[in-house]
Each structure stands twice: as structure tokens, then as C-alpha cells.
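# sequence isn't available, so here's the structure alone:
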């Protein structure tokens, strides 16, 4: 089985979205600063069917590894973009367009059962109503030997960490202090032991990788 | 004038001390995990008059730069060790021993006026009751061309960031999720722009350096 990797971009002060998370497709005020390193990269632009992007081998490597996952788990707000019609209509579609950039099965944590959505380019959204453990189990089965990414938001990663489901934690630290917003971490009952396994950086971001135990 | 550098060790989840900050000389439960990289280093042991320490050039460089400051500003709890007699007796001494490791003037933020304490080895503790601006101004005057370190705790660094007094922010990210404790950051009114200027790491810690503006 592949590893389960929780991966997200975070500000230096620990936020994964700015204040007013309804703004900017769920990123909140100034939240786009968390993702500038990705938006500027060649690998991200290619995965979204676009030309361009700056050559940044370090950042490209991180994005390509994320894309090499066999399945992804995301939270409801990340699916719907945080704002938009989802909060009023649980069956409204997300904001990912006809061809989302995953190109593999995606399991969406939600309280609202609905049929899977098969998108162009290999992405299928499957809606999971029985919790993070079930979502990760389904994703591992779908991924086979490949890794599973838990791609956020904060709540999905917190649930997975608290349930001991995360093998590796990857945090892309963007050079900004947002001041307020959605924190990645909430208080936990016990400390989690980490082993620092890789640190890489471009001028725009530092990529921290940890093996999780305990 | 030298730069004003705020520098502190932090967990991946943003804490600079564990829960129950009265424990372990102010580090709180498991808080010693934040400083294991320093305790293990040659430079730290030498500065405390001890032999030993593992050779780790990256970590030694960070500690030697800190020691090369011309003056340091710290908060009251960092002076007193968080617990101890200070909270009952504002004139009680801290826990730094006869020869503290600073070897230069140290300005302690407090509400209790008292006379300076001249220690062995070049450290003088001066108690500043009129706020972070005054403490930094006095430290800059004492440091001359050398840098001023704002060495924590969280409150001193927050006050200095909010007052726009910090030129450079250095965070030593220790590989642990403490789960709870004293957060480095509190909500701020506006985001702070950072420029990532240096990233180094040993197996035990990642050292992040940012130029601060805005």
C-alpha cells in the first residue's frame, strides 16, 4: 500500500486560508499569497492545461509528486470552494471546472449523500458520508500501490492526524503572516512525534516533510 | 545601526512553549522538544561553559549569529523562567545562573521597576517598564553597529511585530506537533509582508529567515 500524505500550504503564522473564507473561492482575504509559489510554477500551469510558469525545479518536484498520487481525500469546503451555492444547496457542484487537475479518484468528506461525479481527464468525485477513516480506506483501495494525498482543508487534515491515519505531513510554508484566518492546527490531546525527512525551498516557499508517528 | 532580529524556536503547530508553562522552567510540557536541536549543539554547550555537543555546522551557525548580537530584548517570563518566585515576588531573580549565556546587555520587559543586575561574563539585565519601543531603542543604543535580538517569548515578539520594530524574523521549526501551549502568533490587524531570505536545516530543525516589511 502507498503512504498517506497530508499536504497543504500554510502561512508562517499557521493559517491555510485568510479571514472571510467565503472570499476568493475559499482562500479568504490574502489567502492567494499561500499559493503564489504554485500558481507561478510550470508544473501547476501544465496540470491545469495552461502554458507558462517560471522554471522552479524544487516547486515543480513537489507538485509533480502530489499529482503522482493514486487518490486524494478533500473536505467539503475544498470541494465547493468554501463559498458559493454549496452551503445553500448540498448538491451544487464545486468550482473545479469540467476537467479538474487531479486526474485520479477524489473522495470528498461530506454529510450529504450524493452520486459520484465522473469528470473529464480521469477525476471522479466520490462523496463519503461516514467519516475520515472510511474516506482514507476507500482512497487507499483506489490508489493501490500509489500514495494517497489528504489535500485539505484544515479540518480534513486535523481529523486524519487525530485518527492516526497520516504517514507523512507535508507543509508548504509561504512567506507571509496572514494575521488571521483558518488555522491548520487545532489543540490536540497529545503531542505527535515527527521525524523531519526533507526540507527544500525556492525563493517563494519552503517545503517541509515529516514522517508522522505516535 | 544593526538590524532588529526576532528569533525563537517553534513547533510545527506554532507553539513556543508546551501546555502548563509553569513546568520545565517556562518551556511547558514537552516544550524541551523545541530546543533539543540547540541543547545538542556544540555552540550552545560552549556558550554555557560546557563541553560536548554534536557537530552540526548549520545549527552552530545559527547559535553563533545569535550570540554575536550586541544586545537582547526578552520578556518577563523568559527572564524568570515562567514559573518560580517572580510571580509572587517581582524582585526575585531569574533562573539564568551567575553567568548567563548572553555576554551582552539584556533588556527585560516588565511592569516592575528595579535596579539593573550586572552578572558575570558581560551580561547586564536592565528592566524596562515603558514598553517594547523603549526596550528596542535602549537595546539598539547599547548594540551600536551590532544586531539586536528579540529573543522571546511570544508576547515580546508579537508586540515588536505589531509595532513594526522587527527587521528580520527567524523561526527555528522543531519537528514536533505539541498539540497545545503558548502560540507564537496572535491575530493581527493586517498581514505582514515577508521576504524569505534564508532556509537552512539539520536533521533536528529547520531555520527559516524572513525580511519583514509592511
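Noted; the coordinates are in hand. Since we're looking at a predicted model, the values are computed, not measured.
# C-alpha only now, for contacts and for neighbours.
Noted.
# and the longest strand seen in chain A, what's its mean pLDDT?
The longest strand of chain A (DSSP state E) is strand A:192-202. Strand A:192-202 shows a mean pLDDT of 96.
# kindly report the same for stretch A:139-147.
97.
# endpoints of that stretch, how far apart?
One end of stretch A:139-147 sits 9 Å from the other (Cα to Cα, to the nearest Å).
# list the buried residues for it?
A:139, A:140, A:141, A:142, A:143, A:146, A:147 (16 or more other Cα atoms under 10 Å in any protein chain shown).
# any chance of those residues in CSV, with distance to chain B and secondary structure too?
Putting these into CSV (distance: Cα to the nearest Cα, whole Å; DSSP: H, G, I helix; E, B strand; the rest coil) gives the following:
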residue, distance to chain B, secondary structure
A:139, 25, helix
A:140, 25, helix
A:141, 29, helix
A:142, 30, helix
A:143, 28, helix
A:146, 26, coil
A:147, 22, coil
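# spit out the contact partners of residue A:110.
A:75, A:76, A:127, A:128, A:129 (Cα atoms under 8 Å, 6 or more residues apart in numbering or on different chains).
# quick one: buried ones out of the residues you listed?
A:75, A:76, A:127, A:128.
# I'd say the second one and residue A:107 touch.
No: because the distance of 9.7 Å does not satisfy Cα atoms under 8 Å, residue A:76 is recorded as not touching residue A:107.
# from the centroid of chain A, which residue is nearest?
Of all residues in chain A, the one closest to the mean position by Cα atoms, centre = their mean is residue A:151, 2.0 Å from it.
# tell me which of the buried ones among the contacts of residue A:110 fall in helices.
Those of these mapping onto helices are residue A:76, per DSSP state H.
# relative to chain B, which of the buried ones among the contacts of residue A:110 is nearest.
residue A:75 (20.1 Å; Cα to the nearest Cα).
# which residues touch the worst-scoring helix or strand of chain A on mean pLDDT?
Ranked by mean pLDDT, DSSP states H and E, the weakest helix or strand in chain A is helix A:42-47, scoring a mean of 81. Residues outside helix A:42-47 that contact it (Cα under 8 Å, 6+ apart) are A:38, A:39, A:51, A:52, A:53, A:54, A:55, A:56, A:60, A:63, A:64, A:101.
# how far off centre is it?
Centre-to-centre, helix A:42-47 and its host chain are 16 Å apart (Cα atoms, centre = their mean, to the nearest Å).
# for stretch A:148-155, same thing?
On Cα atoms, centre = their mean, the centre of stretch A:148-155 falls 4 Å from the chain's centre.
# ditto for stretch A:39-48
The mean C-alpha position of stretch A:39-48 is separated from the chain mean by 16 Å, Cα atoms, centre = their mean.
# list the buried ones in that stretch?
Residues A:39, A:40, A:41, A:42, A:43, A:44, A:45, A:47 are the ones in stretch A:39-48 that count as buried (16+ other Cα under 10 Å).
# among those, which pair sits farthest apart?
The most widely separated members of the buried residues of stretch A:39-48, counting by Cα to Cα, are A:40 and A:47 (12.3 Å).
# wait, residue A:75 touches residue A:111, no?
No: under the criterion of Cα under 8 Å, residue A:75 is not in contact with residue A:111, lying 10.5 Å apart.
# assumed residue A:37 was part of a helix.
Yes: secondary structure of residue A:37 (DSSP: H, G, I helix; E, B strand; the rest coil): part of a helix.
# what strand or helix carries residue A:78?
helix A:76-80 (DSSP states H and E).
# and that helix, what does it pack onto?
When contacts are defined as 3 or more Cα pairs under 8 Å, 6 or more residues apart in numbering or on different chains; DSSP states H and E, helix A:76-80 packs onto strand A:105-109.
# in the strand it packs on, what's buried?
Buried residues in strand A:105-109, defined by neighbour count with 16+ other Cα under 10 Å: A:105, A:106, A:107, A:108, A:109.
# good, we can wrap up now.
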